[in-house]
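Q: Show me how the following folds:
(chains A, B and C)
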Amino acid sequence: MPVARPETSDSRVIAHVDMDCFYVQGTLVLIALDAEAMVNFPWDADDDVEQRQQPNLRGQPTAVVQYNSWKGGGLIAVSYEARKFGVKRSMRGDEAKQVCPQIQLVQVPVARGKADLSIYRDAGSEVVSILARKGRCERASIDEVYLDLTDAAQTMLAENPPERLEITNEEVLKSHVLGLSLDAGDVKEKVREWLHRSDADQRDKLLACGAHIVAKLRLQVLKETEFSCSAGIAHNKMLAKLASGMNKPAQQIVVPFSSVMGLLQPLPIKKMKQLGGKLGTSLQIDLGANTVGDLLQFSEAKLQDHYGLNTGTWLWNIARGINGDEVEGRLLPKSHGSGKTFPGPRALKTIASVEHWIHELSEELSERLISDLDQNKRIAHTLTVNASAYKSNDSDSHKKFPSKSCPLRYGTVKIQEDALNLFLAGLREYLGPYIKTRADQCNGWGIIGLSVSASKIIAIPSGTRSIMKYFHGQDKSFSSMKQLNDKIIPGDVALSPSGRSESYSRLLPTETLRGCSREGTMNMYAMHSLDQLEDARTMSNDEVGRQERCLLMTSTDREDPTCSPLKQQLHDGFTGEALPSSSSGLVLRALLPIGVKLVSASLRFGCGVSIENNPSLLLALHRITTSMRSTPKKDTEANFKSQSIFSGTSSILRFFQGQASCSSPRQECVNTAQEIKASQSLGSQTVDSSSGELIEGEFPLQLLLTESKTLKGAPNLRQEERTTDAWSYKIDEIDPSVVNELPPEIQKEVQAWLRPHKRANTLKRGSSIVHYFLPNKHE
DNA sequence: ACGGATAGCACT
DNA sequence: TAGTGCTAT
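A: Purely as a prediction, here's the structure:
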């Protein structure tokens, strides 16, 4: 009973909308295509035959297939026409041809030797941007959303109740209403009657309003995208989802409260979301429950005994049509991944081949991360590598390949290197203590699947607004994340030429380029929209700036710019020219700590100043702001607080002043993920908190600056894991008078930042920089 | 010795 | 936390 039970009488209006179809290639393709969405698109009739234009596949049995060389490829989507022939997802292309000889097979685009689903994702985003207009919207998958239309429905009911509402579109009359007897007569008339009757239950009226709203939305989607979709309208997510699949394609259905039990009772348990797998099987076998109705006989306690508190309560609830899950207002995915399988004979057996594919996957991932940053101002914080492998000779050949993750550094090359290192660390662990990695040999192992993914994607905070405003003369930033999302996501979906690596600078607005090039050639990526970078640039205006730039250059940036075309380009973007000097030394002094923090974070996370690395600066700043923020306990970013690396100014200053020149970092290999971690942790222990002195005689940051070299042979895994102590930031040692030199509009904020204990409580949370730069309260 | 590529989430 | 497992499409 510790689990809270959601309201039994749920009068929310929730819709689940499911795309029936999908995209094209320049024009149109589809996932589970549907007649209405079909427009002409190129089609490859038989791989070896010439391409011919298929003007119209409307109404024809069609399927989308990826990788056709082996048994015709695998189907990932099947049109409704083809389904009638028994064609099913996950069939082979050849099988599909057997049961449906006339089937048209459309191929998923291939990029970098792997299936590329970006067009589907883009299509999904298009639809989301439309569906999000009328209420809270949650992107549930690439082609599904949940909508919370409660507010809109209530408003509608108050202002324009159904019984007075004239039909503005016929679509709503095509709604299905679960439980409405359809035996006789004019169905439309009955639906009209149901939707508009004035004596209806309040909740039914709300649903009726929801039906109107959804009908309009679906028409809008069709009009703007040519995609059709189906929808379920009910009082909660579970019911809406369940219903949306009942009448496809291009239809919608309402689930009145009164028909919920009738719907669920006979429903095979496996049809319920979440119960399609092992849990559902267990319910059948262990409890003998084959329908949802069968679950009713079990007490909540009994279900909890079997499946735990949460799952038990959840089961008890859904058997009764109760589901309190909220519609999360989230239009964007929480992670990005790129993966590929190498089945059977194609298994990867050499480090070199693995490296190749990791590079390919990482490249795609990096591209998508840049797009995300560009379009949504979000930064991913964690890089994870996963693999599935087999061991042919050894005993426990069924061990799972461990997944490994590390902080994510932006930049294709960095991701490639980090990913490879993560893989190698995983492989080492997988193979056990004996590592024989003579490359290019049959080592008795094979890699069947590889995937590289990025998670912990967090929107860039807007903590430095007023400061940015001062330096920039105007406020281009967003005051809040929500605003940012609202502004960027829905409208701008189709705008930018989603990050091709050919020319990053071409993606920059000319305004940005002007601003940067005039002042030197630090060609900062995406500077235009990111106020934090303004700070970063300002910070680089004097000798400290010079040292920064020096420090920020990685060894490979400096020494080996030609290791890849991209790298070359990036290198070309940075010339290390002096930047104009600052106007006010005092301002700089006041802001120096911020700059130092930036630099420190940059170093810590191994980023350098180059186009592709500027996202890392953002990342760094983000880490700073999140780690400095005094975190409400519910804050999911609370984890960053333990990393508070910016707590020590005097020592930092000393540190910088002590570095008269920037010596060439010695080349050192970072061999494993552990070492990456260790070295990055090292950044925060550069200065000892008590003494304020460098811990090691040799400049330890050099370790950070070295790129990890690609390993072809055995990784040399060191076990030592250094633990870190955060610096303690001596805020009091900053001369308070510098604040007076600051422009009035930011004085208050900086002051509060310098003396948080005095000002913290008086300042409003939210838009203020103080919010982000407060030291952490402990626990 | 193939169902592929991707996501999200709960649990530990 | 990071890593595993399950579920879904």
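Q: Give me every residue in chain A lying close to DNA strand C.
A: With C-beta under 7 Å from any atom of the strand as the criterion, chain A comes near DNA strand C at residues A:141, A:143-144, A:245, A:272-280, A:382, A:384, A:400, A:402-405, A:407, A:638-639. To be clear about C-beta, it is placed using only N, CA and C from the backbone, and glycine gets the same treatment.
Q: near DNA strand B too, which of the residues you listed?
A: residue A:141.
Q: Are any of the residues of chain A next to DNA strand C buried, and if so which?
A: Neighbour counting with 16 or more other C-beta atoms under 10 Å marks A:143-144, A:272, A:275, A:279-280, A:384, A:402, A:404-405, A:407, A:638 as buried within the residues of chain A next to DNA strand C.
Q: Keep only those of these that are in helices.
A: Secondary structure assignment (DSSP state H) places A:279-280 from these within helices.
Q: and the buried ones among the residues of chain A next to DNA strand C, which of them are in strands?
A: Of the positions in these, A:144, A:384, A:404-405, A:407 sit in strands, assigned by DSSP state E.
Q: which parts of the longest helix along chain A are buried?
A: The single longest helix within chain A, with elements called by DSSP H, is helix A:351-376. By 16+ other C-beta under 10 Å, the buried positions in helix A:351-376 come out as A:351, A:353-355, A:357-376.
Q: Now do the phi/psi pair for residue A:454.
A: phi -120, psi 130 (degrees, to the nearest 10).
Q: give me the number of residues near it?
A: 25 (other C-beta atoms under 10 Å).
Q: Identify the bridge partners of it.
A: In this entry, residue A:454 is beta-bridged to residue A:336, residue A:383, by DSSP bridges.
Q: if I look at it, how far off is residue A:336?
A: Residue A:454 sits at a distance of 5 Å from residue A:336 (criterion: C-beta to C-beta, to the nearest Å).
Q: joint contacts of the two?
A: Taking C-beta atoms under 8 Å, 6 or more residues apart in numbering as the criterion, residue A:454 and residue A:336 both touch A:365, A:369, A:380.
Q: Which member of the residues you listed is positioned nearest residue A:261?
A: Checking those against residue A:261 with C-beta to C-beta, the nearest one is residue A:380 at 44.2 Å.
Q: Please name the nearest non-neighbouring residue to the closest one.
A: Spatially, and ignoring its direct neighbours in sequence, residue A:380 is nearest to residue A:454 (3.8 Å; C-beta to C-beta, 6 or more residues apart in numbering).
Q: now swap in residue A:261 and tell me
A: Distance criterion C-beta to C-beta, 6+ apart; nearest residue to residue A:261, sequence neighbours excluded, is residue A:321 at 6.5 Å.
Q: how many other residues sit next to residue A:414?
A: For residue A:414, the neighbour count with other C-beta under 10 Å is 25.
Q: Is it within a helix or a strand, and which one?
A: Mapping residue A:414 onto the secondary structure by DSSP states H and E places it in helix A:412-431.
Q: how much does that helix deviate in direction from helix A:351-376?
A: Angle between the axes of helix A:412-431 and helix A:351-376 is 130 degrees (criterion: axes from the mean of the first three to the mean of the last three C-alpha atoms, to 10 degrees).
Q: Mind giving me the packing neighbours of helix A:412-431?
A: Contact partners of helix A:412-431 among helices and strands, from 3 or more C-beta pairs under 8 Å, 6 or more residues apart in numbering; DSSP states H and E: helix A:351-376, strand A:378-391, strand A:404-407, strand A:445-459, helix A:565-572, helix A:673-683.
Q: Tabulate those (JSON lines), appending distance to residue A:173 and mean pLDDT.
A: Putting those into JSON lines (distance: least, C-beta to C-beta, whole Å; pLDDT from 0 to 100) gives the following:
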{"stretch": "helix A:351-376", "distance to residue A:173": "38", "mean pLDDT": "97"}
{"stretch": "strand A:378-391", "distance to residue A:173": "41", "mean pLDDT": "96"}
{"stretch": "strand A:404-407", "distance to residue A:173": "52", "mean pLDDT": "98"}
{"stretch": "strand A:445-459", "distance to residue A:173": "41", "mean pLDDT": "96"}
{"stretch": "helix A:565-572", "distance to residue A:173": "56", "mean pLDDT": "28"}
{"stretch": "helix A:673-683", "distance to residue A:173": "59", "mean pLDDT": "34"}
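Q: coming back round to it: okay, buried residues for the helix holding residue A:414 please.
A: Residues of helix A:412-431 classed as buried: A:412-428, A:430-431 (neighbour count, 16+ other C-beta under 10 Å).
Q: in the stretch 151-300 of chain A, which spans are strands?
A: Using DSSP state E, counting those that start in this stretch, the strands found in the stretch 151-300 of chain A span residues A:176-177, A:229-234, A:252-254.
Q: if we compare those strands, which one ends up closest to residue A:137?
A: strand A:229-234 (12.7 Å).
Q: Going by neighbour count, which residues of that closest one are buried?
A: Neighbour-count burial for strand A:229-234 flags A:229-234 (criterion: 16+ other C-beta under 10 Å).
Q: Just the pLDDT at residue A:184, thanks.
A: You'll see residue A:184 listed with a pLDDT of 70.
Q: and it, how far is that from residue A:190?
A: 9 Å.
Q: Which residue of the two possesses the greater neighbour count?
A: Just comparing residue A:184 and residue A:190: by other C-beta under 10 Å the higher neighbour count belongs to residue A:190, 16 against 7.
Q: contacting residues around the more buried one?
A: By C-beta under 8 Å, 6+ apart, the contact set of residue A:190 is A:177, A:180-182.
Q: out of the residues you listed, who's nearest DNA strand C?
A: Proximity of the contacts of residue A:190 to DNA strand C (C-beta to the nearest atom of the strand) peaks at residue A:177, which lies at 22.5 Å.
Q: List the residues that contact the closest one.
A: Contact partners of residue A:177, counting by C-beta under 8 Å, 6+ apart, are A:190-191, A:194-195, A:253-254, A:256.
Q: Of the residues you listed, which is the nearest to residue A:69?
A: Within those, the smallest distance to residue A:69 is 40.9 Å, found for residue A:253 (C-beta to C-beta).
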